Structures are given as C-alpha cells and as structure tokens.
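Novice: Need a 3D model of the following:
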Amino acid sequence: MFDNNETPGNVPLRLGEYIRVLKLTRKPTKEEFSVIAKVAGAGILLVGFIGFIIYILITVMPGWFK
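Specialist: Below is the predicted model:
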C-alpha cells in the first residue's frame, strides 16, 4: 500500500527532505519582502472586509422581513 518513501513513520527520510528544502532557501531582498507584505496585507484586509459585509448582512437582513 505504501512505498518505502511514503510510510507515515519514516521520520528520518522526511527530516532529510525538510533539510534539503531549507538549504535551497535564501533571504528575500527588501523589494521582495515589501511586495510579499503588501500582498499579504491586502489579503487580510479583503478577508476582513468580506467578513464585515457578511456580519452586516446577517444582523440587518432579519429586520427587512418583519
């Protein structure tokens, strides 16, 4: 059912994969970090705005049907 590489209890193999990925990473430049921060901030604001609209609709809409 599982290959040797896919067994759930094979922690040393998974740890080796994680270490390999970490060795390939690098520190982002200031410009890259700035773009990532702006996109993440815009996403947080968008999700918050959508949640606020849903909250307003849920609290105001029941009064429309009385």
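Novice: from the chain's centre, how far out does the helix or strand containing residue 38 sit?
Specialist: Using DSSP states H and E, residue 38 sits in helix 30-64. Using CA atoms, centre = their mean, to the nearest Å, the mean C-alpha position of helix 30-64 is found 15 Å from that of the whole chain.
Novice: Please work out the average pLDDT along it.
Specialist: Averaging pLDDT along helix 30-64 gives 94.
Novice: residues of that helix that come out buried?
Specialist: Neighbour counts over helix 30-64 (16 or more other CB atoms under 10 Å) mark no residue as buried. Heads up, the C-betas are built off the backbone N, CA and C, glycines and all.
Novice: center of the chain, which residue is that?
Specialist: residue 40 (9.3 Å; CA atoms, centre = their mean).
Novice: Count the neighbours of residue 25 for me.
Specialist: Neighbour count for residue 25, taken as other CB atoms under 10 Å: 7.
Novice: how close does it sit to residue 14?
Specialist: To residue 14, residue 25 is 17 Å away according to CB to CB, to the nearest Å.
Novice: Also residue 28?
Specialist: 26 Å.
Novice: Check residue 43 too.
Specialist: Relative to residue 14, residue 43 is positioned 29 Å away (CB to CB).
Novice: what do you get for residue 47?
Specialist: Here residue 47 is placed at a distance of 31 Å from residue 14 (CB to CB).
Novice: One more: residue 58?
Specialist: According to CB to CB, residue 58 and residue 14 sit 43 Å apart.
Novice: now do residue 38
Specialist: 34 Å.
Novice: how many other residues sit next to residue 23?
Specialist: By other CB under 10 Å, the burial measure for residue 23, its neighbour count, is 8.
Novice: returning to that earlier point: which residues touch the residue nearest to the centre of the chain?
Specialist: Contact partners of residue 40, counting by CB atoms under 8 Å, 6 or more residues apart in numbering, are absent.
Novice: Does anything pack onto the helix or strand harbouring residue 23? Which helices or strands?
Specialist: Using DSSP H and E, residue 23 sits within helix 11-24. For helix 11-24, there is no helix or strand it packs on, judged by 3 or more CB pairs under 8 Å, 6 or more residues apart in numbering; DSSP states H and E.
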